[in-house]
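**Q** turn this into a model:
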Amino acid sequence: MSQAVQPHRDSVTGRRRSWDQSCGRTWVVAFATVITASCSPSAYAESVARTWNEQLLEAIRSDTARPTIHARNLWHLSVGMYDAWSVFDETSTGFLYNEATTRPMDAAARDEAISYAAYRILRHRFVDGPGGTGPGRFETLLALDGHMFSLGYDRTNTTTVGDSPAALGNRIAQAVINFGLTDGANEPNDYADPTGYVPVNDPMTFDNPGTPQTDPNRWQPLNFLRERIDQGGTTIEEKTQEFLSPYWGDVTPFALPDKQPGEVYHDVGAPPQLGGAGDAQFRANVNEVIRFSSKLDPTQSTMIDISPATLGNRATGTYESNGYTVNPVTGQPYAPNMVNEGDYGRVVAEFWADGPDSEAPPGHWNVLANEVMDRMNALGVDKRIGGTGPVVDDLEFDVKTYFTLNAAVHDAGIAAWNHKGTYDYSRPVSMIRYMGQRGQSSDPSGPSYDPEGLTLEPGLVEVITAETTAAGERHEHLAGSEGKIAIYAWQGPPEEPHDDPTDIGGVDWVLAETWLPYQRDTFVTPPFAAYLSGHSTFSRSAAETLAALTGDDYFPGGIGEFTVPVGDGLEFEYGPTNAITLQWATYMDAADEAGVSRLWGGIHVRADDLPGRMIGETIGQDVWALAEQYFNGTVPEPAALVWVVVPLLAQRRRRNESSG
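**A** Below you'll find the model as predicted:
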């Protein structure tokens, strides 16, 4: 049953929030709030692993927006908690740490070991370690210390010697920390780019018309004349973007296949090139993004059905929805869900944008996973790993969920950024402005012709003429710009606050050389290359693992929903004009919507999105196959275990000799 979330303004930041601050979540990332009965803590006691996962999500929200780094943080915390849990399990194999004999089952000792491992890892990553330089450092320190106190543990106990649960947890944490210092992420240097990457294009100062371009197929950083805020809501001092993690393809993965230096994980080849291979597709992709932008106006009357009966059930790598005949849980058809298309486009663009104050796409899917597990409890759905075998308790299900889910988003980040760093592809804001300033490429005998110009399309992309700027004509407000290219698109964000129904950008004819995507003008577009879409790759890999873990492609109850209320559910402008309930039958449907939302938001083109989904599907399936081997104790001994376990065994030998 769905629940409308009521956002309110933060008294300090002025940003809209939907859940009480004690929940620690904002509406944009409250992925499946309808799955819980209210904002208050779950009626079910959360496992200790769940509480530490929530601590990490809060730490990410307080940090800068670094999706690659935070996917890795999620994965490494999950490794620490899983390895601590597995020491007490007779069957499973740890990833970085194993003991020669299984410890007797002791729930209190197990929880304590998990907590010390989690606490030390998070302290290192966000406070004490070389990467602990974020704006939320002290807030995170207080939260972590407070959580240890609330659990009754001594945060000052740092010993790694002995068989106590605290020593065990601290040893495991040190194994994870040591592993992370040598995994290729360059954590010792605060994740600085070691490659010497320099963009081929000069920065675009987007406040000015047009854009300088050396190569329109390559990424271009943005320069800000105004305040710059990242997608996590944090003010950034540097006014010119720097490429985030162009070297991330060199980071150690979990289940990605081996590759040689210079190769690309799951390489799908170069994207379409303007003036090169795939030229026609490049141009079509650009016009498609403009077409999405042209629909971002709730005053337009187009209504669409967004229920699972119509949207969803897509073949991987396509936009064509087949829908579902019935909800397989209830046996009943999905009811129609008719909404204004302009409202829908704005809602999905913001809902999946993961900001401000967000845990980024990898964390977004952790929020979803947590709410799915709550929903399983609420419906009395048995928790079985892979949907088969014995019923397991919440801790085992949580630990294995985080281990698998976050291995997937970590591998997805590596594969996606491997493509980004290799192919260095342009963003739509650069594509559209560059081609628009060049002219039109459709009519060699017509005005403003340029072979690299935009493709003309009546009602969407047109040349401004004296006739079209005459009084009462569609380009009247563009008089003085005759000969330039106009596109029918979103006009940009209105001034804040957005409390009045008139506070919308709306859609009209704008100069192509001044176009902005549906984003804040303090953010505009992410600081890294477009191809592949991180959202698409993260989301599909996560969806595959959730389906595998639960043994069901469908959300609990056959549907996942999120309701955005009237007038106070958007960040970029007023809206929606009517309540919108997003709906997904399956995890893959939600992932597909995450992918296409980036076209609504003007952040990606089709060529970035669809290959990302396909790679994400493969990654998720490969991660699950390998994770099962760890769970079943059938995985070949990992190479990493040699250098983690051997020193620990040597330490034990020294201790035995000294006591003998």
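**Q** where does the stretch 501-650 of the chain dip in pLDDT?
**A** Along the stretch 501-650 of the chain, the parts satisfying pLDDT under 70 run over 638-650.
**Q** what segments of it are helices?
**A** The residue ranges that make up the helices of the stretch 501-650 of the chain, judged by DSSP state H, counting those that start in this stretch, are 534-550, 587-600, 606-632, 639-659.
**Q** same question, the stretch 1-150 of the chain
**A** Here the stretch 1-150 of the chain has its helices, by DSSP H, counting those that start in this stretch, at 48-62, 67-86, 107-123, 137-151.
**Q** buried deepest among those helices, which one?
**A** Ranked by average neighbour count under the criterion mean count of other C-beta atoms under 10 Å, the helices of the stretch 1-150 of the chain are headed by helix 67-86 at a mean of 28. Any C-beta I mention is one placed from the backbone N, CA and C, and that applies to glycine too.
**Q** list the helices and strands it packs on?
**A** With contacts taken as 3 or more C-beta pairs under 8 Å, 6 or more residues apart in numbering; DSSP states H and E, helix 67-86 sits against helix 48-62, helix 107-123, helix 165-181, helix 360-379, helix 394-423, helix 534-550.
**Q** okay, angle between the third one and helix 107-123 too, please.
**A** To tie it back to what came earlier, the one meant is helix 165-181. Using axes from the mean of the first three to the mean of the last three C-alpha atoms, to 10 degrees, the interaxial angle of helix 165-181 with respect to helix 107-123 works out to 30 degrees.
**Q** contacts for helix 165-181, please.
**A** Outside helix 165-181, the residues that touch it by C-beta atoms under 8 Å, 6 or more residues apart in numbering are 72, 76, 79-80, 83-84, 87, 96-97, 108-110, 112-121, 124-125, 129, 153-154, 157-161, 187-188, 252, 640, 644, 648.
**Q** please redo it, this time with the cut-off set to 7 Å
**A** Surrounding helix 165-181, the residues in contact under the criterion C-beta atoms under 7 Å, 6 or more residues apart in numbering are 76, 79-80, 83-84, 87, 96-97, 109, 112-117, 120-121, 124, 157-161, 187-188, 640, 644, 648.
**Q** give me the next element, helix or strand, following that helix.
**A** Of the helices and strands lying after helix 165-181 in sequence (DSSP states H and E), the nearest is strand 204-205.
**Q** partner strands of that next one, with direction?
**A** Strand 204-205 has the following strand partners under DSSP bridges: strand 222-223 (parallel).
**Q** run a quick neighbour tally on the closest residue to V409 other than its chain neighbours.
**A** Closest residue in space to V409, ignoring its immediate chain neighbours: P362 at 3.9 Å, by C-beta to C-beta, 6 or more residues apart in numbering. Taking other C-beta atoms under 10 Å as the neighbour definition, P362 ends up with a count of 31.
**Q** so P362 versus S78, what's the distance?
**A** With the distance defined as C-beta to C-beta, to the nearest Å, P362 ends up 11 Å from S78.
**Q** still on that earlier bit, could I get the helices of the stretch 1-150 of the chain as a markdown table with distance to S426 and mean pLDDT?
**A** Putting the helices of the stretch 1-150 of the chain into a markdown table (distance: least, C-beta to C-beta, whole Å; pLDDT from 0 to 100) gives the following:
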| stretch | distance to S426 | mean pLDDT |
| --- | --- | --- |
| helix 48-62 | 28 | 96 |
| helix 67-86 | 19 | 98 |
| helix 107-123 | 37 | 98 |
| helix 137-151 | 35 | 97 |
